[in-house]
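Participant: pasted the sequence and its predicted model underneath.
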Amino acid sequence: MSKSDAPFFVGYLNIPKGLKGFLLKVSLLLFFGFTAGALLAGATQDDPGQAGFRFDFGRQTVEGVIQAKPYPLLHVTKGNERIEIGETLMLTGQGKSGAMASIAALEGTVIEATGILLNRGELRMLQLLGGNRGFKSLETDGPVPASESLGTWRLQGEICDGKCLAGAMQPGRGLAHKACANLCLIGDIPPVFVSSQPIDGEEYFLVGSVEGGSLSAAAYDYVGNFVEIEAALERQGDLMVLKLDPKRIKVIR
Amino acid sequence: MNTAEIILSIVNIWIMIGGVIAFVFLLFGIDRIDEDARGAYVFRPLLIPGILLIWPMVLWRWLRLEMGTENWARRHKPPRKLHFWVAILFAISIPLIMLLGWSARQTWPESFEPQRISLLQQENVR
């Protein structure tokens, strides 16, 4: 076949005879190839599980005492049908912003908090409404529950950002989610460690620094990887808190 | 500073430079290099997101047009010679990247039981 006789495909004209077989084979190969690739990639992914914003519960309004460190927590003193008295809720702001900036000054005082719950199993977080609508100071002080030391533990698992893990993203953990998780942590959203197995029935632990403040930024490079850590464990209210030194993190195989 | 903060800082600096260039280019530069844009202002804000992202390209094109060194015929000649090899490279690299991703994947340590290594707080056992 000379070069001038070679069939030439033009989208708006009939397909030249010499190209029909070729086009059919390429089309079938692409269709089945991409379908198989997509199924294979999907089958290797872990089930993200049940988690998410509980918009079906509507806005939740509760009262409680603010604990600002390591991250903003609300020890509930007046609950509702969804949130019981005595529960300790992690607080977060909108998007990739935590509640630290707005709440820190209210440490030890009672506030009325309004927002949307997120939950994954026992892990619960309250996303406050935007601006000043999310909380109102009741201008009285309240008792922050004393922390109970549970010793130092060696754990394996993953450091995640608590908001995405609780269902703001699906999946909200793993290496593919590392960049998002880092942005959340930079925005002061509470980090949560997911343990391979529970301690006292708890597998999600809020993570702070050894000094009792926010998690050191040096730990952010380990977010999304499966790691082994050694950290002090405390119970604050009904929440378990790890006090983690980034030097005591190592990536596991 | 960790990797995420370094990347975020670079992105912030990139966007800030892009903002300055968008401001100068859309107020002054575009009138100098595109006579069709003179007297037209409503469309200009629409260009801001693009300039924020590809401001080096905007600067380069602006410079070429200002200096009169633009070669329109050459610019619009498609680099066809590369197409075949780029297609082959993509066809090889995409599955390769996926395979590398799978091979580097960690296994969830579901059998690991938490171990209490001390009854004391961490700082006391160093």
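Facilitator: Done, it's in. What you see is a predicted model; the values in this text were computed from it and never measured.
Participant: could you point out which element follows whichever strand or helix holds A:Phe193?
Facilitator: Using DSSP states H and E, A:Phe193 maps to strand A:191-199. Using DSSP H and E, the helix or strand that follows strand A:191-199 in sequence is strand A:202-209.
Participant: circling back to that earlier point, which strands or helices does the strand holding A:Phe193 pack on?
Facilitator: On a contact count with 3 or more C-beta pairs under 8 Å, 6 or more residues apart in numbering or on different chains; DSSP states H and E, strand A:191-199 meets strand A:148-161, strand A:202-209, strand A:239-251. C-betas here are computed from N, CA, C, even on glycine.
Participant: for those strands, which one sits closest to chain B?
Facilitator: Chain B lies closest, by C-beta to the nearest C-beta, to one member of the helices and strands packed on strand A:191-199: strand A:148-161, at 4.1 Å.
Participant: the helix or strand following that closest one near chain B at all?
Facilitator: Using DSSP H and E, the helix or strand that follows strand A:148-161 towards the C-terminus is helix A:162-163. No. Judged by C-beta under 8 Å from any C-beta of the partner chain, helix A:162-163 makes no contact with chain B; its nearest approach is 15.9 Å.
Participant: so what does helix A:162-163 touch, helix or strand wise?
Facilitator: When contacts are defined as 3+ C-beta pairs under 8 Å, 6+ apart, helix A:162-163 packs onto strand A:88-92, strand A:123-128.
Participant: average pLDDT across the shortest one?
Facilitator: In this case it means strand A:88-92. Here strand A:88-92 scores 95 as its mean pLDDT.
Participant: doesn't A:Tyr204 make contact with A:Val194?
Facilitator: Yes. The pair A:Val194 / A:Tyr204 is scored as a contact, 6.1 Å apart, by C-beta atoms under 8 Å.
Participant: intersection of neighbour lists for these two?
Facilitator: Counting by C-beta atoms under 8 Å, 6 or more residues apart in numbering or on different chains, the contacts common to A:Val194 and A:Tyr204 are A:Leu165.
Participant: so which of these two has more stuff around it?
Facilitator: A:Tyr204 (22 against 19; other C-beta atoms under 10 Å in any protein chain shown).
Participant: for that one, give me the pLDDT.
Facilitator: At A:Tyr204, the pLDDT value in this model is 96.
Participant: separation between it and B:Gly19?
Facilitator: According to C-beta to C-beta, to the nearest Å, A:Tyr204 and B:Gly19 sit 40 Å apart.
Participant: near chain A, which residues of chain B?
Facilitator: Taking C-beta under 8 Å from any C-beta as the contact definition, chain B meets chain A at B:1-5, B:8, B:98, B:102, B:105-123, B:125.
Participant: if you set the cut-off to 10 Å instead, what comes out?
Facilitator: Residues of chain B lying close to chain A (C-beta under 10 Å from any C-beta of the partner chain) are B:1-5, B:7-8, B:94-95, B:98, B:101-102, B:104-126.
Participant: residue contacts, A:Pro16?
Facilitator: By C-beta atoms under 10 Å, 6 or more residues apart in numbering or on different chains, A:Pro16 lies in contact with A:6-10, A:22-23.
Participant: and A:Gly42, what element?
Facilitator: helix A:17-43.
Participant: report the contact partners of A:Phe226.
Facilitator: By C-beta under 10 Å, 6+ apart, the neighbours of A:Phe226 are A:156-159, A:174-175, A:194, A:196, A:251-253, B:105-109, B:112.
Participant: what's the answer for B:Met16, then?
Facilitator: B:Leu52.
Participant: please report how far it lies from chain A.
Facilitator: 17 Å (C-beta to the nearest C-beta, to the nearest Å).
Participant: what are the phi and psi values at that residue?
Facilitator: Torsion angles at B:Met16 (phi, psi; degrees, to the nearest 10) stand at phi -70, psi -40.
Participant: now do it, the pLDDT please.
Facilitator: Note for B:Met16: predicted pLDDT of 98.
Participant: likewise for A:Glu84?
Facilitator: 93.
Participant: excluding chain neighbours, what is closest to A:Arg248?
Facilitator: Excluding the flanking residues, the one nearest A:Arg248 by C-beta to C-beta, 6 or more residues apart in numbering or on different chains is A:Glu230, at 4.3 Å.
Participant: isn't there a helix covering the one you found?
Facilitator: No. Counting by DSSP: H, G, I helix; E, B strand; the rest coil, A:Glu230 is not part of a helix but strand.
Participant: quick one: mean pLDDT for the helix or strand that contains A:Val65?
Facilitator: Using DSSP H and E, A:Val65 maps to strand A:60-67. If you average the pLDDT over strand A:60-67, you get 95.
Participant: wait, A:Thr114 sits on A:Ile83?
Facilitator: No. A:Thr114 is beyond contact range of A:Ile83, at 11.6 Å (criterion: C-beta atoms under 10 Å).
Participant: so the two - more neighbours on which side?
Facilitator: Between A:Thr114 and A:Ile83, A:Ile83 has the larger neighbour count (other C-beta under 10 Å), namely 21 against 16.
Participant: do you know how far the more buried one is from A:Asn132?
Facilitator: A:Ile83 is 21 Å from A:Asn132, by C-beta to C-beta.
Participant: what of A:Ser196?
Facilitator: Between A:Ser196 and A:Asn132 the computed distance is 41 Å (C-beta to C-beta).
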